[in-house]
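> Here's a sequence, model it:
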Amino acid sequence: MPDPAHAEPMMTAHVPGLSRRRVLGAMLALGMMPGSLLARERPARVVTLFQGATDSAVALGVTPVGIVRSWQDPPIYPYLRPALSTSTLVGLETQPSLEDVALLAPTLIVASRFRHERIAPLLEKLAPVVMLSQIYRFQTTLEVMGQRLGREYQAATLMMQYRARVVALRARLAAHFGARWPATVSLIDIRADQVRSYLPGSFAGRVLTDLGFRWNDAARKAGGVMLKLGGVESLPALDANVFFVMRHSRSPAVADYAHRLMTHPLWQRMQAPRAGQVVEVDAVAWSLSGGILGVFNQLDEIEAWLQREGDS
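Take a look at the predicted model:
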């Protein structure tokens, strides 16, 4: 894995002799919006303010001029670094820098309603804004961005690739499990002090459902995208034939909690641990990426697991 310390993009928004705040203030005062001035003169200059939008832009063949810092392996997820070497960081997803965004002269800003609705009026003064409500729905993000970027064909092609891979992988899963298919599944996120169970409506949960997995009673009855579980006494709510397990970070605290969890008698009595069907997966692909390329990485990991299981 590349060293994050050497992965920071070199591009920075800077105007010699003027502070970024002064430049932004002057633009707003004069009504000189960079995006509106340059929209007719240059190709789309996209700023993506959440991870799934960044992933989707790259998948569509568009390099964003501005991106937000990754949640893990900063500043950019390793799988996206080659494509984003010229992109400028504009801060955190939770707190993007309006000054940096303005100086990039965007023609389109893709934002999250949950994260950015409060600053939407300011963003709209800089460029047209696409504000997505449910950013874990990767198909919607891809479709909307394809429409706004004139990449409808590319978006449709990516979805056809996804569906074809799902059909093929679903057949492999059915062959692997035989009479036990469809198997039940739990998608587990281990943190430093708690366990979360992602539900059918979550980012990766939708992929597992498309693949034909079933969900246990606790997951089917719950609303939303995720359940926060308490102590180890809550572990039976996870019980299923297969566990896909993410570790929220690589910190020693998470590693210690995962060890204590997986050696606990309640964990070891559940179906997946007893059958040796606990599959550790990458949290970036399964939770943090939010886009179609992350989904393809999920499918790659399931295929690799089946290969390890001896399914050819």
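> Bridged to Arg247, which residues?
Counting by DSSP bridges, Arg247 forms beta bridges with Ile190.
> Could you shift the numbering so residue one becomes 379, and keep it that way?
I'll keep to 379 as the first residue from here, and by that count the last item is Arg625.
> what pLDDT does it get?
Arg625 is assigned a pLDDT of 93 by the prediction.
> hang on, isn't it packed against His637?
No. With contacts counted by C-beta atoms under 8 Å, Arg625 stays clear of His637, the gap being 10.8 Å. In this view, the C-beta of every residue, glycine as well, is placed from N, C-alpha and C.
> can you list the weak-confidence ranges in the protein?
For the chain, applying pLDDT under 70 flags the ranges 379-421, 689-690.
> ok so, going back, more neighbours: Arg625 and His637, which one.
Taking neighbours as other C-beta atoms under 10 Å, Arg625 and His637 compare with Arg625 leading, 19 against 11.
> For the stretch 579-690 of the chain, which segments are assigned as helices?
In the stretch 579-690 of the chain, the helices defined using DSSP state H, counting those that start in this stretch lie at 581-588, 595-599, 630-640, 643-646, 649-653, 661, 670-686.
> How far off centre is the lengthiest helix in the chain?
Counting residues, the longest helix found in the chain (DSSP state H) is helix 530-555. Centroid separation for helix 530-555 versus its chain: 19 Å, with C-alpha atoms, centre = their mean, to the nearest Å.
> so what's the closest residue in space to Glu611 that isn't next to it in sequence up against?
Among residues not flanking Glu611 along the chain, Leu644 sits closest, at 7.5 Å (C-beta to C-beta, 6 or more residues apart in numbering). With contact taken as C-beta atoms under 8 Å, 6 or more residues apart in numbering, Leu644 is in contact with Val610, Glu611, Leu613, Pro614.
> with these in mind, which one is nearest to Val507?
Comparing the contacts of Leu644 against Val507 with C-beta to C-beta places Leu613 closest, at 43.1 Å.
> Which residues are in contact with the closest one?
Residues in contact with Leu613 (C-beta under 8 Å, 6+ apart) are Val573, Leu607, Leu639, His642, Leu644, Trp645, Met648.
> what about 6 Å?
Leu644, Trp645 (C-beta atoms under 6 Å, 6 or more residues apart in numbering).
> Kindly provide the distance from it to Asn619.
15 Å (C-beta to C-beta, to the nearest Å).
> before we move on, back to that, determine which of the helices of the stretch 579-690 of the chain approaches Val479 most closely.
That would be, of those and by C-beta to C-beta, helix 670-686, which comes in at 23.4 Å.
> Residues in a beta bridge with Val425, which ones?
The partner residues for Val425, given DSSP bridges, come to Gly444, Ile487.
> ok, it touching Ile487?
Yes. The criterion here is C-beta atoms under 6 Å, and Val425 meets it with Ile487 at 4.8 Å.
> Counting neighbours around each, name which of those two comes out higher.
Counted by other C-beta under 10 Å, Val425 and Ile487 do not tie: Val425 has more neighbours, with 32 against 28.
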